[in-house]
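S.K.: Structure of the sequence below:
(2 chains)
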Amino acid sequence: MLPRESQSSLPYQILLYLNGWYLAVFLVVEVLIFAFKTFVLPYPPGNIVAEVFLLIFFGATESVRIFMGKKGNLTERIISLVMSIIFTAPSVLAMLYLLLWQTYVLRLEVVLVSVAIVFEGIELLFALLAVVTISKSG
Amino acid sequence: MRVTGLIPARFLTLTSHVVLLISVLLAREENVLACLPVDFMEVDYRRRDGEFLGGLIAGLALTALEYVGFMTGISMFTGLPSLISIACHTGASISLAYMVMDSWDCQLYWWVFGLTSALPASIEVGVMINVLMLRKSI
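M.R.: A predicted model of the protein is given here:
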């Protein structure tokens, strides 16, 4: 008997791989932007601490989301893909905070966060497609 | 010799080029003022602004073309075209950052456009023709 054809989605895997690299550079740039903002702009006390913690939380959820997506796609497990889809929600909320409700939003941050949100939207679509194909094949 | 690590490097330099193009597009007023005489008319400003905006959108379109070739895998695993593309987009990112910081003359953008957007895009088109129409493997 021939081995069953693989149901993993290649575009989804490419996007997750590239998003991992984008996330790493995004976090580095965001830390540098925070350093710049604390040096140049007057911050109300406590805000910067909250925002740094939010950035750490964002990095953690994003890496979990990307890891779960990669693993679920390669091993064709729906449960990991669903975990990845669930983890999309907190990371989108964190990005919306960075985009809209931060103390100071730089123009560069608007562009960077928009690129990340576009990534996340396309990946959500591909994750749903992957869940459908894997559950159809049984 | 196998060249490794080109894929993330190329993706990240392409993305930084796009991010900087959008940043220049959102903050182009100073660059347009820098290439006008001291006593300029409203019409001159409109014309220069339109030219500059057209150039920036053309640059974005060429990077989009390169994204298509890269993401679909046509030129993802090429050696020399990837290296040229990485070099061009790195140069583009650095010079566009200077363009925003030092408010360069908007005429200088055309040099950046020619050397760092049009050159890698034409190489990309060459690779696409070779792979898709002539069925060569690069």
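
S.K.: Identify the residues contacting residue B:62.
M.R.: Residue B:62 is in contact with B:117-118, B:120-121, counting by Cβ atoms under 8 Å, 6 or more residues apart in numbering or on different chains. Backbone N, C-alpha and C define where each C-beta goes, glycine included.

S.K.: Tell me the secondary structure at it.
M.R.: helix (DSSP: H, G, I helix; E, B strand; the rest coil).

S.K.: returning to that earlier point: what would the contacts of residue B:62 look like in TSV with distance to chain A, neighbour count and secondary structure?
M.R.: Formatted as TSV, the contacts of residue B:62 follow (distance: Cβ to the nearest Cβ, whole Å; neighbours: other Cβ atoms under 10 Å in any protein chain shown; DSSP: H, G, I helix; E, B strand; the rest coil):
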residue	distance to chain A	neighbour count	secondary structure
B:117	17	26	helix
B:118	23	15	helix
B:120	18	29	helix
B:121	20	21	helix
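
S.K.: Show the pLDDT at the residue positioned nearest the centre of chain A.
M.R.: A centroid search over chain A (Cα atoms, centre = their mean) returns residue A:62, at 4.0 Å, as the residue closest to the centre. We have a pLDDT of 95 for residue A:62.

S.K.: number of nearby residues for residue 39?
M.R.: With no chain named, the answer covers chain A. 7 (other Cβ atoms under 10 Å in any protein chain shown).

S.K.: Switch to chain B, please.
M.R.: Residue B:39: 6 neighbours (other Cβ under 10 Å).

S.K.: give me phi/psi at it?
M.R.: phi -100, psi 90 (degrees, to the nearest 10).

S.K.: So which of the contacts of residue B:62 is the closest to residue B:14?
M.R.: Proximity of those to residue B:14 (Cβ to Cβ) peaks at residue B:120, which lies at 8.9 Å.

S.K.: so who does that closest one touch?
M.R.: Contact analysis of residue B:120 by Cβ under 8 Å, 6+ apart lists B:62, B:66, B:81, B:84-85, B:88-89.

S.K.: can you do 6 Å?
M.R.: Residues near residue B:120 by Cβ atoms under 6 Å, 6 or more residues apart in numbering or on different chains: B:85, B:88.

S.K.: What is the neighbour count of the closest residue to chain A within chain B?
M.R.: Using Cβ to the nearest Cβ, the single residue of chain B nearest to chain A is residue B:8, 4.3 Å away. Look at residue B:8: counted by other Cβ under 10 Å, it has 16 neighbours.

S.K.: outside of the helix or strand containing it, which residues touch it?
M.R.: Element membership for residue B:8, per DSSP states H and E: helix B:6-26. With Cβ under 6 Å, 6+ apart as the test, helix B:6-26 has contacts from A:18, A:21, A:25, A:107-108, A:111, B:56, B:59-60, B:63, B:82, B:85-86, B:89-90, B:92-93, B:96, B:100.
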